[in-house]
Structure formats: structure tokens, C-alpha cells
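>>> sequence and computational prediction follow.
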Amino acid sequence: MKIVIIGGGWSGCGAAIAARKAGAEVEIIEKTDLLLGLGNVGGIMRNNGRYTAAEELLALGAGDLIKITDANTLHKNIDFPGHKHASLYNVNRIEPAVRNYIVGLGINLRMVSRVVDVEMDGTKLKGIYLYNGEYIEADAFIETTGSTGPMGNCLRYGNGCSMCVLRCPAFGPRISISYRCGIDDIKGERQEDVFGAFSGSCKLEKDTLSPEIVKQLEETGVVVLKVPPEDVNTDKLKQKVCQQYALREFAENIVLLDTGHAKLMTSYYPLDKLRKIEGLEDAKFVDPYAGGKGNSIRYLSVAPRSNQMKVIGVDNLFCAGEKSGLFVGHTEAMTTGFLAGHNAVRSQLGMPMLTLPRNLATGDLIAYANEKVETIEGRRNRYTFAGAEFFNRMKERGLYTLDIDEIKARVSKLSLDNIFDQKLV
């Protein structure tokens, strides 16, 4: 059995690992020269409800990537506005660690390879075409192309192309595979008739910050600096993709996190205003390169799907990550990716597909986001274990806990211990 994953971000890597552990031959097709996509600039794990979700994944046998991020963590149990017990992994070391693990499992990587079209056989996806004309067939496909790009979306709905880590100008635009299969994509909104949302953060080069700030960052993992009153802009909070950071504290303060670089927790910040703040007089953006003006626009390409991660309307196409819903975060991407990869194999074996129960945080997120995307209000929200609407829901339903034994017991009670470690083929 051959499973092809289109897109090598966190969800694509999770899907590949799950399908490989289930016994399939697996290939990842990634348009750039790096795996992980936004994982190369993210770095935040285990904050708020993501701690619970991470431990659920470990208990389910889907914790491979959690173990890798834990092993590359710079700071553990740090708090910053609106967030508790976060871990920060090193964004400069994470991609090689994941790549080595992926290759070690016998998963084939096809890098700098962009999918441009599909061939359908009725309602079945027969094969895909690469930019160079090469044609690839498989038993099932998993789309994890994300929801950012092409450049025109950032021009139309944002402040212009900022040459972000996804590097559309260098590697070509993202193509919606589900749309090429004849399925209409769903778009997230910021407000009526304004689509998409700005990415959540930027990176600053540490060497351009004051020695005092660098020292505090490396010792504690976090620095909070006051924004001059005349530069406080609360309106910008409405644009953010990461609604767990749409707090007044993030308008009134500069929040820096140590992820190898200095992660600046705002979508963009004018350089002349940034350099007015003590200790940031020489600050320089690393990503996006136009960080003072704009950032990437996301959530313009979500596929309709079942709670088993199958794209509705195509027999053998699955989806994960931002392609599968208005999700925010690495843990969320891993969750959807592992389920998509596992179910792609089950579907080809004629087995009942796995549905993660709603009395697990992971299962409830997948089902809840699917329900909410059907409504106008729901398409204006984002769904994450780390904050905003869904984290409040986790607390109300008693799903949020830091008790690892309790989490293991929940999974065991459902007879789902290490289900993603089972070989099916």
C-alpha cells in the first residue's frame, strides 16, 4: 500500500509517521527544502491545554513528534501573559531532528517538489502531477498544504508579501489539492467579507538586542517590555490568527520568547517604533523579512472533511493541519496529522476508520472545529488547545488536566492505549 502526503509541515510529518507505523509505504512531497513549515518559526509547546493534548498523544502512541520537541526544549514551565507552563523548543535545531527521524523510519522524502494538478477517476484521486510533469499514483493521498499563500492572498488580504518562512517567491505558490479535485474550499474570516488572518509572531535576531535582554531571555525564556503609550494599537489584536494572544497585554507590551531566536509575539511591528523601546534600539527582523510591515495571511483554504479526516467528496483523499480546519498550533497539527495518516491506511484495508472520542481533548477539538466551521460566527474564530474559545471549553468540560496518570487512565478506559503504534498492513 502506498500513501502520499502532500506537504511536509507538522501535520504532514505526523501523517507520514502514522501511516508508516501502520505498515504502508509512505512518501512526503514538500515544495520547499525544509520540513516543518511554520514549525521552523513557532517553538511553543505544552502551554495551557496543549499540555493535556501532548500527553494524550503520547498515551495514544502518537507522541513521536512530542518526544522530539521535548528533547529539543530550551525552556520548560515558563509563564507569559495568558499562558502557563509552556515549553519552548529550539527552532534552529528542530527540523534536522525531525528529518532524521522521518528518514530513519523508511519514509521517502521528495523535497523541492511542488504538486500542480491532479487526475481524477470519478470520485477517486488517481494521481498527482508535479511541477516538472512527473506523475505519481498512490492508494490514498493526504493533503497537508496549509492555508497560507500564494503571494496574491497576502497582497489582497494583508500588508503584502513579507517573504516569510514559506517562501512562495522562491519555491512557488501553494496549490489546493482538494480544490483541484473539484471540492470547494472553506475560508476563515476576520470580519464580514474580510478573509484570512495574520500569522501570529515574528522573529528578531538575538545579536541585535541589548546584552541585558539577551541574558534575561536565555535565563528565563521570556522578556516583557512596555510599549510607549502613543504606540499602543489594540485594533491590531483583531487581525491575529492566534486568538489566545488577542489580549490587551500583547498590545501594551512587547513579549519576547527564547526559541533560539527572540520570538516577538505580534503579527508585525513597525521597525521605527520597535527601536524606540529600550534594549531594542538596533533590533532586526529575521522572519518575516518584512516583519515591520506585514506577515503571512492564513485560513483561506480549508477542506470540508469528516471527523476521521477524510475529505468529503473524494474517496481516497484525507487532510490535516490548517487544511483540515481553523486550527492554530503545532500540537493541533500533529493531532490531525496522526489521525489522517492512520485512517488513510484503515480506509484502504476496508477497516472501520478511527474516530477519537469527544471525552478526549484531541477528539473534541477535531469534532468541535468541524461543527463550528458550518456557521458564520464559527468561521471567524480559531480553535486551539492553548486559549480562546476551545481552551475555555476544555476547562468547562473537565478535559484540561496536568495529571499524566489521569490522562493515561482516560485513554486506557477507551481501550485506545498505543492505538497509533499498531501495525495494520
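Arrived safely, thanks for sending.

>>> now V345, nearest residue through space, not along the chain?
A22 (4.0 Å; CB to CB, 6 or more residues apart in numbering). In short, each C-beta sits where N, CA and C put it, glycine included.

>>> swap that for L204, sorry
A262 (4.2 Å).

>>> surely the one you found meets L217?
Yes: taking CB atoms under 8 Å as the definition, A262 is a contact partner of L217 at 6.1 Å.

>>> how about the helices in the stretch 1-150 of the chain?
10-21, 50-60, 64-71, 94-104 (DSSP state H, counting those that start in this stretch).

>>> got a markdown table for the ones you listed, with distance to D287, mean pLDDT and mean neighbour count too?
Shown next, in a markdown table, are these (distance: least, CB to CB, whole Å; pLDDT from 0 to 100; neighbours: other CB atoms under 10 Å):
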| stretch | distance to D287 | mean pLDDT | mean neighbour count |
| --- | --- | --- | --- |
| helix 10-21 | 17 | 98 | 30 |
| helix 50-60 | 22 | 98 | 25 |
| helix 64-71 | 19 | 98 | 20 |
| helix 94-104 | 14 | 98 | 16 |
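
>>> for A367, which of these is the nearest?
Closest approach to A367 among those (CB to CB): helix 50-60, 14.1 Å.

>>> alpha carbons only: can I get that closest one in CSV?
Extracted C-alpha coordinates of helix 50-60, given in CSV (Å, rounded to 0.1, in the frame of the first residue of the first chain):
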residue,chain,number,x,y,z
ARG,A,50,-1.6,21.8,24.9
TYR,A,51,0.0,20.0,27.8
THR,A,52,-3.1,17.8,28.2
ALA,A,53,-3.2,17.2,24.4
ALA,A,54,0.5,16.3,24.2
GLU,A,55,0.1,13.7,27.0
GLU,A,56,-3.0,12.3,25.2
LEU,A,57,-0.9,11.9,22.0
LEU,A,58,1.8,10.1,24.0
ALA,A,59,-0.7,7.7,25.5
LEU,A,60,-2.4,7.1,22.1
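
>>> so how far is it off the chain centroid?
For helix 50-60, the separation from the chain centroid amounts to 16 Å (computed by CA atoms, centre = their mean, to the nearest Å).

>>> which strands or helices does that helix pack on?
Here helix 50-60 touches helix 64-71, helix 330-349, helix 361-372, helix 404-413, going by 3 or more CB pairs under 8 Å, 6 or more residues apart in numbering; DSSP states H and E.

>>> can you tell me which of these is packed in deepest?
helix 330-349 (a mean of 28; mean count of other CB atoms under 10 Å).

>>> and I44, what is it in contact with?
Each residue near I44 by CB atoms under 8 Å, 6 or more residues apart in numbering is listed here: A86, S87, L88, L257, T259, K263, G329, H330, A386.

>>> L57 too?
G63, I66, T331, M334, T335, F338, T362.

>>> quick one: the first one and A54 touch, right?
Yes: judged on CB under 8 Å, G63 makes contact with A54 at a distance of 7.3 Å.

>>> can you pull the domain assignment for the protein?
The chain breaks down into these domains under automatic domain parsing: 2-75+88-196+297-421, 199-287.

>>> name the nearest residue to T401, sequence neighbours excluded.
Per CB to CB, 6+ apart, closest to T401 is T52, 5.7 Å.

>>> off-centre distance for stretch 146-153?
So, by CA atoms, centre = their mean, the centroid of stretch 146-153 is 15 Å from its chain's centroid.

>>> sort out which residues of that stretch are buried, please.
G146, S147, T148, G149, P150, M151, N153 (16 or more other CB atoms under 10 Å).

>>> if you skip the residues just before and after it, what's nearest to the second one?
For S147, the nearest residue in space outside its immediate sequence neighbours is E322; the separation is 4.2 Å by CB to CB, 6+ apart.

>>> again, but for the fifth one
Once its chain neighbours are removed from consideration, P150 has its nearest residue in P173; the separation is 2.9 Å (CB to CB, 6+ apart).

>>> in what helix or strand does that neighbour lie?
Per DSSP states H and E, P173 falls between elements, in no helix or strand.

>>> that one is in contact with T145, isn't it?
No: P173 sits out of contact with T145 when judged by CB under 8 Å, with a separation of 10.3 Å.

>>> helix/strand/coil for E281?
Taking DSSP: H, G, I helix; E, B strand; the rest coil as the rule, one finds E281 in the coil state.

>>> burial count for it?
Neighbourhood size, E281 [other CB atoms under 10 Å]: 12.

>>> mind checking how far stretch 157-172 is from the chain centre?
17 Å.

>>> stretch 114-134 now?
Worked out by CA atoms, centre = their mean, stretch 114-134 lies 25 Å from the chain centre.

>>> CA-only coordinates of the worst-scoring helix or strand of the chain on mean pLDDT in CSV, if you can.
Of all helical and strand segments in the chain, the minimum by mean pLDDT, DSSP states H and E falls on helix 249-252, at a mean of 78. The C-alpha coordinates for helix 249-252 follow below in CSV (Å, rounded to 0.1, in the frame of the first residue of the first chain):
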residue,chain,number,x,y,z
GLU,A,249,-1.3,42.7,27.4
PHE,A,250,0.0,41.9,23.9
ALA,A,251,-0.9,45.4,22.7
GLU,A,252,0.6,47.2,25.7
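
>>> after that helix comes which helix or strand?
strand 253-258.

>>> shared neighbours of A262 and L217, anything?
In contact with both A262 and L217: K206, L209, V223, L256, using CB under 8 Å, 6+ apart.

>>> rebuild the residues you listed as a markdown table, extending it with neighbour count and distance to D421.
A markdown table is the format used below for these (neighbours: other CB atoms under 10 Å; distance: CB to CB, whole Å):
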| residue | neighbour count | distance to D421 |
| --- | --- | --- |
| K206 | 17 | 39 |
| L209 | 22 | 43 |
| V223 | 22 | 40 |
| L256 | 27 | 38 |
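
>>> farthest pair in the residues you listed?
K206 and V223 (11.2 Å).

>>> quickly list what's touching both of the two.
L217, A262.

>>> show me what contacts the nearest residue to K276 once chain neighbours are set aside?
What sits nearest to K276 in space, not counting adjacent residues and going by CB to CB, 6+ apart, is P228, at 6.0 Å. By CB under 8 Å, 6+ apart, P228 lies in contact with K273, K276, I277.

>>> pLDDT score for P228?
Looking at P228, its pLDDT stands at 88.

>>> got any ranges where the chain has weak pLDDT?
192, 233-247 (pLDDT under 70).

>>> same thing but 50
241 (pLDDT under 50).
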